[in-house]
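A.B. asks: give the three-dimensional model of this entry:
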Amino acid sequence: EVQLQASGGGLVQAGGSLRLSCAASGFTLDSYAIGWFRQAPGKEREGVSCISGIDGTRYYTDSVKGRFTISSDHDKNTVYLQMNSLKPEDSAVYYCKARNTFGSDFWGQGTQVTVSS
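C.D. replies: Numbering: from 1, shown residues only. Presented below is the predicted three-dimensional model:
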């Protein structure tokens, strides 16, 4: 069974850092793309960053470029999102999602990130 466990959220002051983890089980990262999404109250869920398990290609939405870094540890079967220089507008529930080569999506539960000004 494909499962994703997101963790690492919390409360941080503006300018601070957090590292989110997305631990995968039931599959290996090699053939999946893992993405981080976020949803703030009253807003639609948006894609933040993703990484290909096949070739390591990374994507970032414009608002986080230069501040967030996505990485993967295939030995630990975990994807990380290092978030630096956090802003209040980064506050949201963050979710990770796995997509396999057939286009099937699997979501993990969210982890709350709150950035105080």
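A.B. asks: so which residue is smack in the middle of this structure?
C.D. replies: In the chain, the C-alpha nearest the mean C-alpha coordinate belongs to Trp36, at 2.9 Å (C-alpha atoms, centre = their mean).
A.B. asks: that's a strand at it, yeah?
C.D. replies: Yes. According to DSSP: H, G, I helix; E, B strand; the rest coil, Trp36 belongs to a strand.
A.B. asks: mind listing what's buried along the helix or strand where Val79 lies?
C.D. replies: Per DSSP states H and E, Val79 falls inside strand 78-83. Using 16 or more other C-beta atoms under 10 Å as the test for burial, strand 78-83 gives Thr78, Val79, Tyr80, Leu81, Met83. Yep, even glycine has a C-beta here, placed from its N, CA and C like the rest.
A.B. asks: do stretch 41-60 as well
C.D. replies: Across stretch 41-60, burial judged by 16+ other C-beta under 10 Å covers Val48, Ser49, Cys50, Ile51, Ser52, Gly53, Tyr60.
A.B. asks: and stretch 1-19, by the same measure?
C.D. replies: Within stretch 1-19, the residues scored as buried using 16+ other C-beta under 10 Å are Leu4, Ala6, Gly8, Gly9, Val12, Leu18.
A.B. asks: turn those into JSON lines, including distance to Val64.
C.D. replies: Converted to JSON lines, the buried residues of stretch 1-19 look like this (distance: C-beta to C-beta, whole Å):
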{"residue": "Leu4", "distance to Val64": "20"}
{"residue": "Ala6", "distance to Val64": "17"}
{"residue": "Gly8", "distance to Val64": "16"}
{"residue": "Gly9", "distance to Val64": "15"}
{"residue": "Val12", "distance to Val64": "15"}
{"residue": "Leu18", "distance to Val64": "12"}
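A.B. asks: mind picking the two most distant members of these?
C.D. replies: Greatest spatial distance in the buried residues of stretch 1-19: Leu4 and Val12, 22.7 Å, computed using C-beta to C-beta.
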